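>>> coordinates for the following, if possible.
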Amino acid sequence: MINNLALKYRPKTIKEVCGQKHLCSSDAPFRKLLEKKSISHSIFFGPAGVGKTTLAKIVAKEMELPFFELDATNIKVEKIRAILANHKNALAKPLLFIDEVHRLSKTQQETLLLPMENKEAVIIGASTENPYFTLTSGIRSRSMLFEFFPLENDDLEKVFEKVRSDIDFDISEEAKDYLVNSSSGDVRSMLNLLEYTLEVDNKTVKLKTLKLLRPNALKDGVSSKSTHYDLVSAMIKSVRGSDVDAAVYYLARLIDGGESADFIARRLVILASEDIGNANPNALNLANSCLQSVSKIGFPEARIILSQTLIYLASSPKSNSAYSAINSALKYVENEKALEIPEHLTKLGAKNYKYPHSFGGWVEQKYLENELKFYNSGHIGYEKTLDEWLEKIKRTSK
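Numbering: from 1, shown residues only. Coordinates of the predicted model:
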């Protein structure tokens, strides 16, 4: 009988952690802060089974803090208050680890703000959702945000070999590849599947049993990091190139590969502004509606919403004028001396300001100390209408 491999092989120190090199390598800022016992309130976000809870426990151990693990799905505010009260005069403040922190209501999140501000505890939240969309600005502003990524197959193989060196069992290379590749960078998932298979087959891990316990192996849409980004890139470039069928194909590959609907929708929102912009302003509205919808609905139905939005974006006129304009302006601001604001645009000189509405919508006056040109319209789609409107009001107001 094998008891909980995932728990048995959970890393106890940051040196034992596989993966998350951007957090755990010797030169990573997070590790340096931990070594100085300076980790403060943090949000760990990323997919399941990649080490968020493990790293929180390591933080508590390294900083010698009492560790309390709470679940946001059934958390009681009274319990948090009781923990804080019991440690009010203690030398070591408690570390409150809140799993699924994105499930806290806005009111529950607000109850954490004062303890965080007064440093009554170190609060670490773990989430599979992006905190920019699920947590209040008050929580985010008081926390460091650390993203976790799926483990690479090499990392999973290291954990597998460690288990195999302790436990005697036979496994073919084909079965091992399936065990690792189908786990989607989730070490807990891999160890659980291995444990269940050993329960069935005793000292032999059979490919047939693995496939019966996990019928669907993860496709390379997500299992291969390079392929994952290539698929996203290909989808975006197909939309930009107005090839509807190619865009839908790559969308299907991403969905089939296990990519989250939220991630795809966020990419479409960016694309709607970067590549379509004011050539079709409604593209951004539809993409944003898509993001909101799929976050509440999820797969399999989310595939329809993503497909509708993707087809609309691919079929829309394209312009990167807004994207180019802000990049040009930022480059100027970063490299040139700041311009003085014309006096009539300030509060002190407001009496000399010409109110455009009093002149039919436009009146000639100076808005910049020097004449600068950042925006160049592509004269495409609705952009052309905007250009014509600007020309018209300036012409008729003279």
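>>> now the helix or strand hosting R267: buried residues?
With secondary structure defined by DSSP states H and E, R267 is part of helix 261-271. By neighbour count with 16 or more other C-beta atoms under 10 Å, helix 261-271 contains the buried residues A261, D262, I264, A265, R266, R267, L268, V269, L271. No exception for glycine: its C-beta is placed from N, CA and C like everyone else's.
>>> show me the shaky parts of the stretch 151-300 of the chain.
216-228, 257-258 (pLDDT under 70).
>>> would you map the strands across it?
170-171, 204-205 (DSSP state E, counting those that start in this stretch).
>>> would you format these as TSV with mean neighbour count included?
Compiled in TSV, these are given as follows (neighbours: other C-beta atoms under 10 Å):
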stretch	mean neighbour count
strand 170-171	17
strand 204-205	18
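>>> returning to what we had before: ok, so of the buried residues of helix 261-271, who is nearest N288?
Closest approach between these and N288, by C-beta to C-beta: V269, at 5.8 Å.
>>> could I get the contacting residues of the closest residue to that closest one other than its chain neighbours?
In this structure, V269 finds its nearest non-sequential neighbour in A287, 4.4 Å apart by C-beta to C-beta, 6 or more residues apart in numbering. Residues in contact with A287, defined by C-beta atoms under 8 Å, 6 or more residues apart in numbering, are A265, L268, V269, L271, A272, T309, L313.
>>> let's go with 6 Å and repeat that
L268, V269, A272, T309 (C-beta atoms under 6 Å, 6 or more residues apart in numbering).
>>> tell me how far the second one lies from L286.
By that I understand V269. 10 Å (C-beta to C-beta, to the nearest Å).
>>> before we move on, what about E334?
33 Å.
>>> looking only at neighbour counts, state which of the two leads.
L286 (19 against 7; other C-beta atoms under 10 Å).
>>> look up how far I311 lies from the more buried one.
Taking C-beta to C-beta, one finds L286 at 10 Å from I311.
>>> coming back round to it: using TSV, lay out the buried residues of helix 261-271 together with distance to Y382.
Below are those laid out as TSV (distance: C-beta to C-beta, whole Å):
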residue	distance to Y382
A261	28
D262	28
I264	25
A265	23
R266	24
R267	23
L268	19
V269	18
L271	17
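>>> quick check, central residue of the chain?
N130 (4.5 Å; C-alpha atoms, centre = their mean).
>>> mind checking pLDDT for that one?
N130 carries a pLDDT value of 84.
>>> please name the nearest non-neighbouring residue to it.
Counting by C-beta to C-beta, 6+ apart, the residue nearest N130 is F45, at 6.4 Å.
>>> cool, and A28?
H22 (5.9 Å).
>>> OK, contacts around V101?
Neighbours of V101 in contact, by C-beta under 6 Å, 6+ apart: A72, G125, S127.
>>> and the gap between it and A261?
Taken as C-beta to C-beta, the span from V101 to A261 is 21 Å.
>>> what's the spacing between the nearest residue in space to I236 that is not next to it in sequence and M235?
Nearest non-adjacent residue to I236, counting by C-beta to C-beta, 6+ apart: L271, 5.7 Å away. Applying C-beta to C-beta, the value for L271 to M235 is 9 Å.
>>> out of the contacts of V101, which are inside strands?
Those of these mapping onto strands are G125, S127, per DSSP state E.
>>> name the member of the contacts of V101 with the most neighbours.
Most surrounded of those: other C-beta under 10 Å gives G125, at 29 neighbours.
>>> tally of neighbours for E35?
Around E35 there are 12 residues (other C-beta under 10 Å).
>>> what does the pLDDT read for it?
94.
>>> any idea how far it is from C18?
19 Å.
>>> got it, and P300?
In terms of C-beta to C-beta, P300 sits 33 Å off from C18.
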